[in-house]
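> Here is my input; please provide its structure:
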Amino acid sequence: MQTPSKVGRYPFLAEPFHCDFSQHLFMGHLGNHMLNAADFHSSDRSFGMNYLSSIHRTWVLSRLAIEMTSMPRAYDKFFVETWVESAMKYFTSRNFKVCGEDGSVFGYGRSVWAMIDTETRQPTDILQVHDGLIHAYVETEKPCPMASPSRVRMTERARLVRTLETHYNDVDVNGHVNSVKYIEHVLDLFPLDWYRTHFLKRFEMAYVAEAHGGDRLSFYREETAANEYCVRIVKHVGMREGGVDELVEVARSKMEFVNIC
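Numbers count the residues shown, from 1 in each chain. From the prediction side, this is the model:
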């Protein structure tokens, strides 16, 4: 049996109902395609979700950064390439490249993953799986010309812009709010007309804690530079003395836009 290569390349289609009013793929659906490519790649190399579930382990996304120069249009066929850049005891870095059939590059992605025990929900040693097999697939030479996920810094100037409850469609196979759902909720904080004049060049998510179906989430937004916004997402976990909500941070996001007209 042939040993899989270090880099995986997977075909996708920009289905029209996964595209926005401009006929370009939603960022959330691109994120889904990246996560699917990551699962295909890890499963083909014996450290994917199906195998991990049999030993009560699973991958969880810790950080994600996507940087695009353009987005696939409706009906475009494109590829997501993915590879593991590094693997340590508790975290692994995985990169992505999004390209068209003609070889043109739409953009890149960088991500950081942890492995947790599905019973205790605590981090577990990645290198214990198949005696560190993941190291055989680390690729350090393939370029990914974008900055790594940064620390999302915010101040007290951030203002509450939305509060919502999570429901059935927010929850994934791991039993918590899906990573991509956060992306969709954050991008919905901007009005439709904003996207008529702005292109989302770079998007980052830093996942801090789990949220679950039925949790109430609040979104605090701050403009940190021209066309740059950061969002802090918190969940409501109870009430403190004096009737003040007790909040726990679950994620942060950073977006960089460019003017398109």
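> residue ranges with poor pLDDT in the stretch 151-261 of the chain?
Using pLDDT under 70 as the threshold, the predicted model of the stretch 151-261 of the chain has low-confidence ranges 239, 241-243.
> Please enumerate the strands of it.
For the stretch 151-261 of the chain, the strands defined by DSSP state E, counting those that start in this stretch cover 159-165, 198-207, 216-225, 228-239, 245-259.
> and the fourth one, C-alpha only, in PDB?
Written as PDB, here are the backbone C-alpha positions of strand 228-239 (Å, rounded to 0.1, in the frame of the first residue of the first chain):
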ATOM      1  CA  GLU A 228      -9.900  46.600  11.200                       C
ATOM      2  CA  TYR A 229     -12.300  45.200  13.800                       C
ATOM      3  CA  CYS A 230     -12.000  42.900  16.700                       C
ATOM      4  CA  VAL A 231     -14.800  40.900  18.400                       C
ATOM      5  CA  ARG A 232     -15.000  39.300  21.800                       C
ATOM      6  CA  ILE A 233     -17.600  36.600  22.300                       C
ATOM      7  CA  VAL A 234     -18.700  35.700  25.800                       C
ATOM      8  CA  LYS A 235     -21.300  33.300  27.200                       C
ATOM      9  CA  HIS A 236     -23.600  34.000  30.100                       C
ATOM     10  CA  VAL A 237     -23.100  31.400  32.800                       C
ATOM     11  CA  GLY A 238     -25.100  32.800  35.700                       C
ATOM     12  CA  MET A 239     -25.800  35.800  37.900                       C
END
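> Tell me which residues of it come out buried.
When neighbours are counted by 16 or more other C-beta atoms under 10 Å, the buried residues of strand 228-239 are found to be 229-235. Using the backbone N, CA and C atoms, a C-beta is placed for each residue, glycine as well.
> Distance to residue 219 for those residues - can I get that in CSV?
Compiled in CSV, the buried residues of strand 228-239 are given as follows (distance: C-beta to C-beta, whole Å):
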residue, distance to residue 219
229, 11
230, 11
231, 6
232, 8
233, 6
234, 8
235, 11
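> what two of those are the furthest from one another?
Maximum pairwise distance among the buried residues of strand 228-239 (C-beta to C-beta): 20.6 Å, between 229 and 235.
> picking that back up, pick the one among the buried residues of strand 228-239 closest to residue 249.
Checking those one by one against residue 249 (C-beta to C-beta), the nearest turns out to be residue 234, at 5.1 Å.
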